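In: Make a model of this:
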Amino acid sequence: MARNAGAGKREPRTEPASARELEEILGKVRDARNFDFRNYKRGTLLRRVQRRMEDRGKRTLRDYSALLDREPAEFDALVNSMLIKVTSFFRDPEGWEELSAKVLPRMLSEKRTGEDVRVWCAGCATGEEAFSAAIVLAEAMGPSFGTQEVKIFGTDVDERAIAYARKGQYTRGQVESVPKKVLSEWFVEEGDGYAVRKELRRSVVFGINNLVSDAPISRLDLLICRNVFIYLDTPLQKRVLSRFHYALRRHGILMLGKSELIPFAGRIYEPVDLSLRIYRKDGRRDSAVSQERLMGLLEQETAAREVDDAGEQAGSVDQFHREVLQALPLPVVATTLDGSVMLWNVAAAHLWDRPESDVTGKKLTSLNLPGLSGELLIEKSSMVREGRSDREWGDGSVGRPGDTQATQISVEVSPLRDAGGAKSGLVYAVGDVTSVRQMEFELRRANEERQSAYEELQTINEEMQSSNEELETTNEELQSANEELQTTNEELQSTNEELETTNEELQSTNAELDATNRELAHRTEEMNKLASNQRAIIRSLSAAVIVLDEAGHITLWNLAAERLLGLSEGEALGQVLWTLHVPALNRAVLAKMRKALGQNLGMRSEEIAYELPNGGRGTATLAGLPILDGGAPLGAVLIFEDTTRLAALAAENAKLKENDVRPAQPGDR
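Out: Residues are numbered from 1 along each chain as shown. Sure, this is the predicted structure:
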């Protein structure tokens with residue numbers, strides 16, 4: 001976990017041994033629980049570790065590190081202590097008021113109709129902040145909150161906190177900051193506390209997310225991350241803010257904690273209310289994010305170039321200094337910034353049994369020297385080389401032929417500076433700590449034995465207490481099972497009564513259905529008789545009767561139609577009248593009739609000349625009436641009546657009248 005590399009406030013510096021032991025503890029946490037605190041501020045982490053040391057009665061970091069090795073369960077307590085969970089509903093009310101009154105209405109007005117709304121509460125702890133965001137959004141959206149697709153994501157790295165948040169249940173003390181009106185509208189009183197209403201709970205999704213290593217949630221309209229950045233160093237703050245910039249939509253809103261004034265945020269976001277730490281993503285500032293990434297690459301390239309130049313300048317060391325180092329009884333190795341050995345004193349040659357000429361100019365990491373671990377030569381050396389630490393330590397052992405036991409060594413890495421104060425290399429000073437390590441081992445073993453005896457006694461007490469609790473739990477479970485059986489018996493009796501009632505209702509319903517069926521059969525028989533009579537009447541009419549459905553298909557063709565129009569019923573039924581060839585029906589008259597019926601109008605045509613089935617000529621009357629049901633067409637009725645005889649009688653009658661009226665002429669008899 002890198003220290004804050006910014007130019008602002010610096011973390012309080014710890015003693016070198018404490019810093020090394022703290023890094024060792026953080027490394028164990030990373031390996032055991034996969035929590036990476038490398039970019040968290042060291043002062044904050046040290047205070048959290050010291051608090052656990054006080055709780056467990058440990059005076060030094062080394063003792064507490066040994067405790068972690070013996071008791072893996074302590075990792076959980078330590079991680080919980082490091083993961084700060086200070087939260088409440090509507091914390092810093094003025095920020096929520098600004099969000100509700102101005103920011104959210106503007107954001108919602110800019111969205112398209114029906115577009116989904118996505119909100120992310122990063123570092124939400126036990127969920128109060130995520131539900132606060134859901135309440136503010138619901139009040140801003142009004143009725144559309146229940147119909148539009150709305151998702152509020154609440155994430156945290158602490159699994160226990162997320163499990164608590166998923167329940168949506170809070171004590172009375174936790175909801176003290178909630179206004180009474182909001183409490184009555186969005187919460188339900190349950191037992192000694194309150195639960196979030198289901199319609200609000202359905203819109204909030206909780207999950208595990210690590211801002212340092214996990215991918216961010218994307219396409220966000222609002223991102224709330226409050227009082228998380230105060231625990232991160234400057235490089236990590238920039239990296240996370242850049243990820244947030246990617247996650248937000250074009251005009252998305254970012255809300256930080258009131259105490260988190262981060263200059264980099266003002267470079268890539270447009271401040272909405274700087275005093276309340278509310279920002280807005282401005283698409284025009286996307287270039288600032290890209291520029292920041294480019295500057296990071298340039299800084300890395302410059303640093304690498306400086307290392308190469310320093311390595312070349314460090315090639316010459318004053319001869320007097322060399323002689324002094326050669327005379328030291330301590331093994332000393334000096335390297336350039338790139339790791340090439342430039343000094344190897346006599347004590348080092350004796351310890352590793354390799355002359356100076358055999359190692360000078362070679363990379364120290366390539367020599368595979370026993371006692372010099374990869375962590376010391378790479379990670380810790382990099383921390384000193386890059387200025388993240390003044391000095392670092394590493395332990396190891398060197399075995400030589402003829403020795404009964406390996407020599408335990410402690411290696412200190414410190415910067416080598418030139419006359420101008422600039423780093424020109426690294427110095428590795430080696431000390432023999434075999435006797436010290438032996439004393440530490442014996443003391444640690446004695447402490448472990450004492451601690452083991454104490455833990456055994458404590459374990460026995462805990463087992464006895466656990467057995468007592470299990471007996472009480474078993475008794476409660478038996479009582480609960482008895483109550484459940486009684487409840488089940490009552491439910492079965494109630495179900496039996498309901499089944500009897502249902503059976504009686506079904507019998508009554510069956511009787512009613514039988515009566516209804518008999519009545520329907522009687523009505524059907526009457527309708528069949530009526531239809532038969534109607535058909536007999538229509539077929540006996542002297543006029544041709546044609547019935548059409550709404551599509552013009554012939555559904556009825558009586559005997560007079562067969563006689564007058566020359567087609568049998570079998571030939572006509574089912575045919576479309578308008579396309580059927582009937583010699584007696586004039587096509588022009590049929591076209592007019594079809595047009596009138598299409599407009600739901602009746603039509604009557606008099607004295608239509610037509611060809612009789614026996615080959616003669618006759619006249620007829622054609623009438624058409626639409627069949628309507630509430631204005632909707634169901635078909636039509638056409639009546640074709642032969643008027644040939646009537647027309648002949650009318651003509652003869654007219655001729656007789658004409659003869660009676662005409663005066664007598666000379667020559668008439």
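In: what separates the lengthiest strand in the chain from the chain centre, distance-wise?
Out: Counting by DSSP state E, the longest strand found in the chain is strand 617-629. Its chain's C-alpha centre and that of strand 617-629 lie 71 Å apart, by CA atoms, centre = their mean, to the nearest Å.
In: Can you name every helix or strand that that strand contacts?
Out: Here strand 617-629 touches helix 587-598, strand 603-611, strand 632-642, helix 644-661, going by 3 or more CB pairs under 8 Å, 6 or more residues apart in numbering; DSSP states H and E. Quick note: C-beta positions are derived from backbone N, CA and C, even for glycine.
In: Looking at the ones you listed, which is nearest to Glu97?
Out: Smallest distance to Glu97 across these (CB to CB): 60.0 Å, for strand 632-642.
In: Check which residues of the closest one are buried.
Out: 635-642 (16 or more other CB atoms under 10 Å).
In: re earlier: list of residues touching the longest strand of the chain?
Out: Defining contact as CB atoms under 8 Å, 6 or more residues apart in numbering, one finds that strand 617-629 is touched by 564, 584-585, 589, 593, 596-597, 600-612, 633-644, 647.
In: on that earlier part again, return the most buried member of the helices and strands packed on strand 617-629.
Out: Mean neighbours per residue, mean count of other CB atoms under 10 Å, is largest over these for strand 632-642, with a mean of 18.
In: That one vs strand 603-611, what angle?
Out: 40 degrees (axes from the mean of the first three to the mean of the last three CA atoms, to 10 degrees).
In: Just the CA atoms of strand 632-642, as PDB, please.
Out: Taking C-alpha atoms only, strand 632-642 is exported to PDB below (Å, rounded to 0.1, in the frame of the first residue of the first chain):
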ATOM      1  CA  ALA A 632     -71.900  -2.700 -37.800                       C
ATOM      2  CA  PRO A 633     -72.700  -4.500 -41.100                       C
ATOM      3  CA  LEU A 634     -73.400  -8.300 -40.900                       C
ATOM      4  CA  GLY A 635     -74.500  -8.900 -44.500                       C
ATOM      5  CA  ALA A 636     -77.500  -8.100 -46.800                       C
ATOM      6  CA  VAL A 637     -80.800  -9.400 -48.100                       C
ATOM      7  CA  LEU A 638     -81.600  -9.200 -51.900                       C
ATOM      8  CA  ILE A 639     -85.200  -9.800 -53.200                       C
ATOM      9  CA  PHE A 640     -85.700 -10.500 -56.900                       C
ATOM     10  CA  GLU A 641     -89.400 -10.400 -57.800                       C
ATOM     11  CA  ASP A 642     -90.600 -11.200 -61.400                       C
END
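In: tell me the mean pLDDT for the host helix or strand of Val119?
Out: Using DSSP states H and E, Val119 sits in strand 117-122. Mean per-residue pLDDT for strand 117-122: 94.
In: Direction included, what does whichever strand or helix holds Glu189 pair against?
Out: According to DSSP H and E, Glu189 maps onto strand 187-190. If you go by DSSP bridges, strand 187-190 pairs up with strand 193-196 (antiparallel).
In: Show me how far the partner strand is from its chain's centre.
Out: For strand 193-196 - counting by CA atoms, centre = their mean - the centre lies 24 Å from the chain centre.
In: Then stretch 547-558?
Out: Offset of stretch 547-558 from its chain centre (CA atoms, centre = their mean): 62 Å.
In: Could you list the buried residues of that stretch?
Out: Buried-residue list, stretch 547-558, by 16+ other CB under 10 Å: 547-548, 552, 554, 556-558.
In: Same check on stretch 423-438?
Out: Neighbour-count burial for stretch 423-438 [16+ other CB under 10 Å]: 423-430, 432, 437.
In: remind me which residues of the stretch 201-350 of the chain are low pLDDT?
Out: 283-322 (pLDDT under 70).
In: Show the residue spans covered by the helices in it.
Out: Taking DSSP state H, counting those that start in this stretch to define them, one finds helices in the stretch 201-350 of the chain at 234-247, 263-268, 286-313, 319-327, 346-352.
In: Break this structure into its domains for me.
Out: Domain ranges of the chain: 16-82, 93-281, 319-436, 540-652, per automatic domain parsing.
In: Kindly reformat the ones you listed as a markdown table and extend each row with distance to Leu492.
Out: A markdown table is the format used below for the domains of the chain (distance: least, CB to CB, whole Å):
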| stretch | distance to Leu492 |
| --- | --- |
| domain 16-82 | 46 |
| domain 93-281 | 29 |
| domain 319-436 | 69 |
| domain 540-652 | 54 |
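In: Gln465: which of those is closest?
Out: So among those, domain 16-82 is nearest, using CB to CB, at 17.0 Å.
In: quick one: that closest one to chain centroid distance?
Out: In terms of CA atoms, centre = their mean, the centre of domain 16-82 is set 33 Å apart from its chain centre.
In: do the same with stretch 368-376
Out: For stretch 368-376, the distance to the chain centre is 46 Å (CA atoms, centre = their mean).
In: Same check on stretch 389-407?
Out: 52 Å.
In: again with stretch 423-440
Out: 52 Å.
In: on that earlier part again, CSV please, covering the helices and strands packed on strand 617-629 and showing mean pLDDT and distance to Arg444.
Out: Below are those laid out as CSV (pLDDT from 0 to 100; distance: least, CB to CB, whole Å):
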stretch, mean pLDDT, distance to Arg444
helix 587-598, 85, 107
strand 603-611, 82, 117
strand 632-642, 89, 99
helix 644-661, 79, 134
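In: and Ala521, which of the ones you listed is closest to it?
Out: Of all the helices and strands packed on strand 617-629, it is strand 632-642 that lies closest to Ala521, at 26.5 Å by CB to CB.
In: helices or strands up against that closest one?
Out: Counting by 3+ CB pairs under 8 Å, 6+ apart, strand 632-642 packs on strand 544-549, helix 559-565, helix 587-598, strand 617-629.
In: repeat that for 10 Å
Out: Contacts defined by 3 or more CB pairs under 10 Å, 6 or more residues apart in numbering; DSSP states H and E place strand 632-642 against strand 544-549, strand 554-557, helix 559-565, helix 587-598, strand 603-611, strand 617-629.
In: Isn't Val576 up against Gly552?
Out: Yes: taking CB atoms under 10 Å as the definition, Val576 is a contact partner of Gly552 at 4.8 Å.
In: Need phi/psi at Leu577.
Out: With angles defined as degrees, to the nearest 10, Leu577 sits at phi -60, psi -40.
In: my read: it touches Ile554, true?
Out: Yes: with contact defined as CB under 10 Å, Leu577 reaches Ile554; the gap is 5.6 Å.
In: got any residues that touch both of the two?
Out: Common contact partners of Leu577 and Ile554 (CB atoms under 10 Å, 6 or more residues apart in numbering): 546, 548, 638.
In: how close does the second one get to Glu571?
Out: By that I understand Leu548. Here the criterion is CB to CB, to the nearest Å. By it, Leu548 lies 16 Å from Glu571.
In: what's the answer for the first one, then?
Out: Between Ile546 and Glu571 the computed distance is 13 Å (CB to CB).
In: Of the two, which one has the most company?
Out: Higher neighbour count among Ile546 and Glu571: Ile546, with 23 against 13, using other CB atoms under 10 Å.
In: Correct me if wrong: that one contacts Ile554.
Out: Yes: taking contacts as CB under 10 Å, Ile546 lies within contact range of Ile554: 6.2 Å.
In: what sits in contact with each of the two?
Out: Residues touching both Ile546 and Ile554 by CB under 10 Å, 6+ apart: 561, 572, 577, 638.
In: can you redo those residues as TSV with distance to Leu376?
Out: TSV is the format used below for the shared contacts of Ile546 and Ile554 (distance: CB to CB, whole Å):
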residue	distance to Leu376
Ala561	114
Ala572	108
Leu577	105
Leu638	110
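In: In these, find the pair that's most separated.
Out: Most distant of the shared contacts of Ile546 and Ile554, by CB to CB, are Ala572 and Leu638, 11.8 Å apart.
In: Can you pull the residues that touch both of these two?
Out: Between them, Ala572 and Leu638 share the contacting residues 546, 554, 561, judged by CB under 10 Å, 6+ apart.
In: tell me the contacts of the second one?
Out: Same thing as Ile554. With CB under 10 Å, 6+ apart, Ile554 has these contacts: 546-548, 561, 567, 569, 571-577, 580, 638.
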